[in-house]
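Visitor: show me how the following folds:
(chains A and B)
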There are 2 protein chains.
Amino acid sequence: MFSGAQISLYPMADDFVGVILGALGALDPYRDRLRIETDDISTLLVGPPEVLFPAMRDLFVAASASGRHCVLSAAISRGCPGEPDDPICRSDEVGGPVIPLDERKVAAIRAVQATAVTGQATAAQFSLYVMGTGDHMDEIYGCIDFLKQSGVYERSKHFCTKLRGDAGAIFATLNEAFCRFGPGAGHVTLDITVSANSPSAV
Amino acid sequence: MFSGAQISLYPMADDFVGVILGALGALDPYRDRLRIETDDISTLLVGPPEVLFPAMRDLFVAASASGRHCVLSAAISRGCPGEPDDPICRSDEVGGPVIPLDERKVAAIRAVQATAVTGQATAAQFSLYVMGTGDHMDEIYGCIDFLKQSGVYERSKHFCTKLRGDAGAIFATLNEAFCRFGPGAGHVTLDITVSANSPSAV
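Guide: Now for the predicted structure:
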């Protein structure tokens, strides 16, 4: 199954290029397990979820350590029809046999609880899209149940769910939402916005 | 049908607050036809597509006139199950009788051609999501055919399509993609990233 993300990092600073270049080293531990392509709008990361989410987390935490207001925005996708299969995307986290929704919720909560703390306070919001199935809202409501027990749930908003907490738990929660809900072999996407150091944050 | 957008504006500048506040006046002509709510991650605009897209365009063009690298990111949605109907969202652009895909493509091309120029050079990329129907890829491929004839098509990327041109034609193209593809009463979302003044732009 093809999986990956188009990511953009926005440091609200005159020296945004310096902040981005200064954070890119955070991707180094993941480079041999990702295909990376950059243009003027976004950077494509192709690889399995268990590499994508930690890589995005470490990039975001490194940029946010500048103290500047930084936002990471990403469109993350798995199982998109028409995309070629790619060996680099092989994953143990998705595509397995479907297990009942209640069991997936419990497994997702445990995975978030087991995540290491990064020390970076973070706000996030995201939308989960499950395509090509008539019962897509069941999976989405199941995911929302998990989110409410994730420890980082803030509130429901129109079109998305808002999270707040440590960057470690935030990205772990996004990873679980992406991998455990929607059909294993289905077309699932996640649009995320992750923010640090906003002067508007409560 | 409920429709709206969660939008975020990212000026890559130390004075990002000033750039945002300086651009907000561009929303004034639309305020009586929108419900607007802001938090630290995004601003919700609730209203019909024919108001949403011009409002986003004018806000983006006003911020970009600062000369700073600015990005507008938005999740735009119509027909989301579970959202209340809202009189402010009444639209003549969606929800009508389904007409054949080929006719919709032609109408979309004409609408973009009839759009006024803003003078703001713009790059954009977006993903169209059509939920709850087994043939969602037919609608997406039909939309891609339209995009290739829109005059602002740049290239296909993994998970999204990239556009480049005047901000007027860009937002008109996004509006057409959102309104004319996917079932009229269906759950359709668009994730857009619109960028100006990037030092990386070719």
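
Visitor: now for stretch A:92-112, what's the gap between its first and last residues?
Guide: Using C-alpha to C-alpha, to the nearest Å, one end of stretch A:92-112 lies 17 Å from the other.

Visitor: which parts of that stretch are buried?
Guide: Neighbour-count burial for stretch A:92-112 flags A:Glu93, A:Val94, A:Gly95, A:Leu101, A:Arg104, A:Lys105, A:Ala108, A:Ile109, A:Ala111, A:Val112 (criterion: 16 or more other C-beta atoms under 10 Å in any protein chain shown). No exception for glycine: its C-beta is placed from N, CA and C like everyone else's.

Visitor: backbone phi and psi for the fourth one, please?
Guide: Just to be clear, that refers to A:Leu101. A:Leu101 adopts backbone torsions of phi -60, psi -40, taken as degrees, to the nearest 10.

Visitor: max-length helix in chain A?
Guide: Ordering each helix of chain A by length in residues (DSSP state H) puts helix A:49-64 first.

Visitor: name the helices or strands packed onto it?
Guide: strand A:3-11, helix A:16-23, strand A:43-46, strand A:70-78, helix A:167-180, strand A:187-196 (3 or more C-beta pairs under 8 Å, 6 or more residues apart in numbering or on different chains; DSSP states H and E).

Visitor: stretch A:69-84 near chain B at all?
Guide: Yes - Stretch A:69-84 reaches chain B (C-beta under 8 Å from any C-beta of the partner chain) through A:His69, A:Val71, A:Ser73, A:Ala75, A:Ser77, A:Cys80, A:Pro81, A:Gly82, A:Glu83.

Visitor: ChimeraX command for the buried members of these?
Guide: The buried subset of the residues of stretch A:69-84 next to chain B, as determined by 16+ other C-beta under 10 Å, is captured in ChimeraX by this line:
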select /A:69,71,73,75,77,80,83
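
Visitor: tell me the SS of A:Gly67?
Guide: coil (DSSP: H, G, I helix; E, B strand; the rest coil).

Visitor: next one: A:Asp92
Guide: coil.

Visitor: below-threshold pLDDT in chain A: ranges please.
Guide: Filtered on pLDDT under 70, chain A yields the residue ranges A:82, A:84-85, A:95-97, A:132-136, A:202.

Visitor: redo that, cut-off 80
Guide: The model of chain A has pLDDT under 80 over residues A:80-88, A:90-98, A:131-140, A:182-186, A:201-202.

Visitor: dump the residue contacts of the closest residue to A:Ser91 other than its chain neighbours.
Guide: In space, and not counting its chain neighbours, A:Ser91 is closest to A:Pro48: 3.6 Å by C-beta to C-beta, 6 or more residues apart in numbering or on different chains. Residues near A:Pro48 by C-beta atoms under 8 Å, 6 or more residues apart in numbering or on different chains: A:Ser3, A:Arg33, A:Ile88, A:Cys89, A:Arg90, A:Ser91, A:Glu93, A:Val94.

Visitor: measure A:Pro48 to A:Ala55 for me?
Guide: With distances taken as C-beta to C-beta, to the nearest Å, A:Pro48 is found 11 Å from A:Ala55.
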